[in-house]
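A.B. asks: structure for this input, please:
(one chain, ligands or ions: 1)
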Amino acid sequence: MKIGIVCYPTFGGSGVVATELGIELSKRGHEIHFITYSQPVRLELLSKNIHFHEVHVPEYPLFLYQPYELALSSKLVDMVKLHNIELLHVHYAIPHAYAAYMAQQMLLDESIKVPIVTTLHGTDITLVGSHPFYKPAVTFSINKSDAVTSVSESLKRDTKRLFNIAKDIYVVPNFIDIEKHVHGFTDCQREIMADDDELIITHISNMREVKQIPDVIKIFYNIQKSLPAKLMMVGEGPEKEGAERLAEELGIKHRIVFFGNSNEIDRILCFSDLFLLPSKTESFGLAALEAMASGVPVISTNSGGLPEVNEDGFSGYLSDVNAVEDMSNNAIKILSDVDTLNRFKANAKAQSKKFSIHNVVPQYEKIYEEALRKFLSTN
Ligand code: GMT
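C.D. replies: Next up is the predicted model:
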């Protein structure tokens, strides 16, 4: 099938999922066209089955805000016609499903039929939950999609609760290419980051408020009072500066490495002993799954889709949002004994296998075939 994929190409789980999905689909013989405003960060190799088309938004001084949705829908129309794309898979209702619907209508006007599959990743749903401004556009975009998927049962429930959705929502969990996390490195070069007796704790996110960055620092503060440890903070975002200040106030700045965005997540996870994800909510928590695939147990909250990913007492522990003491105690429980740590590491890896790319991608293929069949028979 010739498939157009629209996603946010920057660092972030939804872009990673869309990119890995496109790569795997291309390996399975599909022709994939990424249509985004810049090349997705994890899309390293272009191959004969993978194409990238940049959406360029011309700058007009007349417009206070440049109309990205308009540029995207025009680009989608052009690319569908030029490459005979048969289906569009868009990640995020706003603005992608919204722009895709406009493109679909323009194409129908020329008797070109292209169904839309929309995957919900969370933020547009939870954002609307707390801020109803976009509600009509999100509801419309979801209802007009030919098939809708959500990355967790929890996100499906939230979507049904917050919006008036007529359609079925298929839960297709995020996935991981396990083989990519079996590192080729025989030595993780742990000694560059920490002394031999120090444990390595890691947090990776875009450091938005929802990630509860101060809790990451406070949990680490408690851990390092009991055990020698270093904290790796990976990512960029609005809460980073505050985290650096808090670390300074607590006198632990010398124990923390702030990396910024990194393309070497697998190397960082390779030398990590524990992953912290104390988010207020996560529709899924792809970063936790990536950690587990590298054999790193996870201390997380029990919010959103996290309990579907991290199994309490097996791959790590779950606590209530803001329960810093509980999360600290759970971390110390895992870290203070080598056998326990090794058991949790093995469990984390085993848990990640439930989300193998080879089990999940065929679910998308089935949804595509069904959406195409239905759309062609009704239009
Ligand atoms: O969490 C973010 O801030 C980034 C956002 C994104 O667009 O990548 O993540 C959302 O989608 C990911 C992929 O499906 C999920 O793993 C994250 O849990 C979800 N974030 C939230 O729900 C806050």
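A.B. asks: so, in contact with the ligand or not, the helix or strand of the chain with the lowest mean pLDDT?
C.D. replies: Here the helix or strand of the chain ranked lowest by mean pLDDT, DSSP states H and E is helix 123-130, holding a mean of 75. Yes. Contact of helix 123-130 with the ligand (CB under 6 Å from any ligand atom) involves Thr123. Just so you know, the C-beta spots here come from the backbone N, C-alpha and C atoms, and that holds for glycine as well.
A.B. asks: how far does that helix sit from the chain's center?
C.D. replies: Mean C-alpha position of helix 123-130 versus that of the full chain (CA atoms, centre = their mean, to the nearest Å) differs by 16 Å.
A.B. asks: same check on stretch 344-359?
C.D. replies: Using CA atoms, centre = their mean, the offset of stretch 344-359 from its chain centre is 17 Å.
A.B. asks: same question for stretch 63-76.
C.D. replies: Per CA atoms, centre = their mean, the displacement of stretch 63-76 from the mean C-alpha position of its chain is 25 Å.
A.B. asks: ok, back up a step: what are the contacting residues of the least confident helix or strand of the chain?
C.D. replies: Residues outside helix 123-130 that contact it (CB atoms under 8 Å, 6 or more residues apart in numbering): 92-94, 134-135, 138, 155, 158-159, 162-163, 210, 281, 283, 304.
A.B. asks: which one of those residues is nearest Lys230?
C.D. replies: Val210 (25.0 Å; CB to CB).
A.B. asks: three-state assignment of the closest one?
C.D. replies: Following DSSP: H, G, I helix; E, B strand; the rest coil, Val210 is assigned to helix.
A.B. asks: list the residues that contact Ser150.
C.D. replies: Counting by CB under 8 Å, 6+ apart, Ser150 touches Thr119, Leu120, Lys156, Thr159, Ile169, Tyr170, Val171, Val172, Ser283.
A.B. asks: mind redoing it with 7 Å?
C.D. replies: When contacts are counted by CB atoms under 7 Å, 6 or more residues apart in numbering, Ser150 touches Leu120, Lys156, Thr159, Ile169, Val171.
A.B. asks: of the residues you listed, which belong to helices?
C.D. replies: Among the contacts of Ser150, the members found in helices (DSSP state H) are Lys156, Thr159.
A.B. asks: just among the contacts of Ser150, which is most surrounded?
C.D. replies: Taking other CB atoms under 10 Å as the neighbour criterion, Leu120 ranks highest of the contacts of Ser150 with 27 neighbours.
A.B. asks: that older thread, could you identify the helix or strand that succeeds the least confident helix or strand of the chain?
C.D. replies: Downstream of helix 123-130, the next assigned helix or strand under DSSP states H and E is helix 135-144.
A.B. asks: packing partners for that next one?
C.D. replies: Secondary-structure packing of helix 135-144 (3 or more CB pairs under 7 Å, 6 or more residues apart in numbering; DSSP states H and E): helix 98-108, helix 123-130.
A.B. asks: helix 123-130 and that one, what's the angle between them?
C.D. replies: Counting by axes from the mean of the first three to the mean of the last three CA atoms, to 10 degrees, helix 135-144 lies at 140 degrees to helix 123-130.
A.B. asks: so the spatially closest residue to Tyr170 that is not a sequence neighbour is in which element?
C.D. replies: Closest residue to Tyr170 apart from its sequence neighbours, by CB to CB, 6 or more residues apart in numbering: Thr149 at 4.7 Å. Per DSSP H and E: Thr149 is located in strand 147-150.
A.B. asks: picking that back up, columns mean neighbour count on top of the helices and strands packed on helix 135-144, output as CSV?
C.D. replies: Formatted as CSV, the helices and strands packed on helix 135-144 follow (neighbours: other CB atoms under 10 Å):
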stretch, mean neighbour count
helix 98-108, 21
helix 123-130, 18
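A.B. asks: what about the helices in this structure?
C.D. replies: In the chain, the helices defined using DSSP H lie at 13-27, 68-83, 98-108, 123-130, 135-144, 153-162, 213-226, 240-249, 265-270, 286-293, 306-309, 324-335, 338-352, 357-378.
A.B. asks: buried set for the second one?
C.D. replies: Buried residues in helix 68-83, defined by neighbour count with 16 or more other CB atoms under 10 Å: Glu69, Ala71, Leu72, Ser73, Ser74, Lys75, Leu76, Val77, Met79, Val80.
A.B. asks: burial count for Gln225?
C.D. replies: Quick fix: residue 225 is Lys, not Gln. Neighbourhood size, Lys225 [other CB under 10 Å]: 11.
A.B. asks: still on that earlier bit, to Pro40, which of the helices of the chain lies closest?
C.D. replies: Across the helices of the chain, closest to Pro40 is helix 13-27 (CB to CB), at 4.3 Å.
A.B. asks: quick one: average pLDDT of that closest one?
C.D. replies: For helix 13-27, mean pLDDT is 94.
A.B. asks: and what of stretch 329-340?
C.D. replies: Across stretch 329-340, pLDDT averages out at 97.
A.B. asks: roughly how far out does that stretch sit from the chain middle?
C.D. replies: Distance, centroid of stretch 329-340 to centroid of chain: 28 Å (CA atoms, centre = their mean).
A.B. asks: then it to CSV, C-alphas only?
C.D. replies: What follows is stretch 329-340, C-alpha atoms only, in CSV (Å, rounded to 0.1, in the frame of the first residue of the first chain):
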residue,chain,number,x,y,z
ASN,A,329,11.2,4.2,48.8
ASN,A,330,10.4,2.0,45.8
ALA,A,331,13.5,3.1,44.0
ILE,A,332,15.7,2.4,47.0
LYS,A,333,14.0,-1.0,47.4
ILE,A,334,15.0,-2.0,43.8
LEU,A,335,18.5,-0.4,44.0
SER,A,336,19.8,-1.5,47.3
ASP,A,337,20.2,-5.1,46.6
VAL,A,338,22.1,-6.5,43.6
ASP,A,339,19.9,-9.6,43.2
THR,A,340,16.7,-7.5,43.4
